[in-house]
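A.B. asks: fold the stuff below for me.
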Amino acid sequence: MERKLRNRIVISLLLAVVAAIFLVWLSGRKPAAKISAVTPTRENLVSSISSNGKVEPISPYVVRAQLDTFVKKIYVPEGQAVKKGQLLLELNVKEVAAQLAESRAKLLRAQDDLRAARAGGKADEAAKVAGDLAKAEGERDRLERNHDSLARLAAGQAATKEDLAANDQALANAKAEVTRLLAVKQQFDQQARLDTERGELQVQQTLSEMAALEDKVNNGRIEAPADGTLYSLPVKAGDYVKLGDLLAEMADLHKVRVRAFIDEPDLGGLEANEPVIITWDALPNRSWLGKTEIIPKQVVPHGTRSVGELLCAVNNDKIELLPNINVNVRINSRERANVLAVPRGAVASEGGRRYVYVVKPNELGVGKSRLEKREIKVGIADATSYEVTSGLKEGEMVALPGDMDLHDGMAVKVVNSNAS
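C.D. replies: As a prediction, this is how the structure comes out:
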């Protein structure tokens, strides 16, 4: 009985060895692809977006030339803190001042002409016209009275018809002169009204011209519009500037704005009031804190990139960040502690879904392993890893991409594995 049992055990062992040898032979008929794999582990992830940006003043004051002239003198160097009303620079306004003096004299003449026009014309000319008319009317009236007297005398034969006819001729001449002088006076009065209207217009035009010239003269003194830092002064004494040319830029730089250029794929993760860290290559050991303010509403071209322009408020107490410098921007949007993480390189995407290739060992524990394509759900991500929220368990091994394309059911042999 014992011999039979021993024989059965020996036969079973021999069959097991043969089966194992056969399985090894069978599994080795086709060479397995050699891959690297990783076992996901628990990590603390901080999801951040990194990009570049440019520093801007929040409420800048821009001063431009109001006339074509030369820069006379500079009083404050670029980069200096200034107080409201402090003189920054002066422009040469001699020519404009001369034009202003001429306009003032022109105004006096226009005002004199207007007063004369409103009084009915120049006094001597008006007096002459009125006097001539009054004299003609007096002569006409006298001759009309003589006509009546001569008519009565002629009726009593105390005067001749020739005397009456001579008086009537003189009367007709006098009436014609009165008519002529009335027309002259009407024309004179009409001209006076036109001169009044023209004079009023001339006075208004001259006043407007003077106001513009006075503004130019006053704008020759460029003063600080508010307390702040004169961060841009692109002119120097002796430079010729044209109307509209930039003379100075200043602002309160204790708080600045950074315009960050965020690539289109990262826009979905942006929210207002997220912490921002700013660094500047010129001061590598310094960083500045801020927060996101205005989330971009559109994508615009920026060089070869499509970006959204994110505005961030940044504290700049020491006024180290200067307008228009290029800076580095990092936005810490979300943080997760003790999450299951898988390397970004192990995660592929297809049709908006993400998946990994899980290494499934042979059920018999010998020979080749096979890949299983499995969809996973991801959460936040940092520069190297994704948070896995579902689809993968701790301890499962995930294939890493290599020289060959991975596919579902692929026979593989793990030659290099490590923890993520």
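
A.B. asks: so, low pLDDT: which residues of the chain?
C.D. replies: For the chain, the stretches with pLDDT under 70 are 1-31, 114, 117-127, 129, 133, 188-189, 191-192, 195, 363-367, 418-420.

A.B. asks: nearest the geometric middle of it, what residue?
C.D. replies: Per Cα atoms, centre = their mean, the C-alpha nearest to the average position across the chain is that of E56, at 10.5 Å.

A.B. asks: thought it was touching K255?
C.D. replies: No. Between E56 and K255 there is no contact under Cβ atoms under 8 Å: 11.1 Å. Using the backbone N, CA and C atoms, a C-beta is placed for each residue, glycine as well.

A.B. asks: quick one, helices of the protein?
C.D. replies: 2-27, 94-118, 123-155, 161-218 (DSSP state H).

A.B. asks: got the buried residues for the shortest one?
C.D. replies: Going by neighbour count (16 or more other Cβ atoms under 10 Å), the buried part of helix 94-118 is 96, 99-100, 103, 106-107, 110, 113-114, 116-117.

A.B. asks: quick check: L289 vs L283, distance?
C.D. replies: 14 Å (Cβ to Cβ, to the nearest Å).

A.B. asks: picking up where we left off before, can I get the helices of the chain in CSV with distance to P225?
C.D. replies: CSV is the format used below for the helices of the chain (distance: least, Cβ to Cβ, whole Å):
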stretch, distance to P225
helix 2-27, 83
helix 94-118, 21
helix 123-155, 51
helix 161-218, 14
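
A.B. asks: can you say which of those helices is nearest to V415?
C.D. replies: Closest approach to V415 among these (Cβ to Cβ): helix 2-27, 15.8 Å.

A.B. asks: since we're on L283, how many residues are nearby?
C.D. replies: Neighbours of L283 under the rule other Cβ atoms under 10 Å: 12.

A.B. asks: what about it, distance to P361?
C.D. replies: To P361, L283 is 53 Å away according to Cβ to Cβ.

A.B. asks: also G308?
C.D. replies: Per Cβ to Cβ, G308 is found 46 Å from P361.

A.B. asks: higher neighbour count, these two?
C.D. replies: Taking neighbours as other Cβ under 10 Å, G308 and P361 compare with G308 leading, 20 against 13.

A.B. asks: what are the phi and psi values for the closest residue to the more buried one other than its chain neighbours?
C.D. replies: Excluding the flanking residues, the one nearest G308 by Cβ to Cβ, 6 or more residues apart in numbering is P296, at 3.0 Å. The phi and psi values for P296, taken as degrees, to the nearest 10, are phi -60, psi 140.

A.B. asks: what sits against P323?
C.D. replies: Going by Cβ atoms under 8 Å, 6 or more residues apart in numbering, P323 touches 55-57, 60, 231-232, 249, 251, 253, 256.

A.B. asks: er, G269 actually
C.D. replies: 47, 49, 333-334.

A.B. asks: now swap in L322 and tell me
C.D. replies: Contacts for L322 were tallied using Cβ under 8 Å, 6+ apart; they are 55, 231, 253.

A.B. asks: could you turn the buried ones of those residues into a ChimeraX selection?
C.D. replies: Buried residues among the contacts of L322 (16+ other Cβ under 10 Å), as a ChimeraX selection:
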select :55,231,253
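
A.B. asks: strands - which of the contacts of L322 land there?
C.D. replies: The members of the contacts of L322 that map onto strands under DSSP state E are 55, 231.

A.B. asks: could I get the contacts of L322 in CSV, plus columns for distance to A170?
C.D. replies: Listed next are these as CSV, based on distance: Cβ to Cβ, whole Å:
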residue, distance to A170
V55, 99
Y231, 92
L253, 95
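
A.B. asks: F70: which of the contacts of L322 is nearest?
C.D. replies: Out of these, the member with the shortest distance to F70 (by Cβ to Cβ) is Y231, at 23.7 Å.
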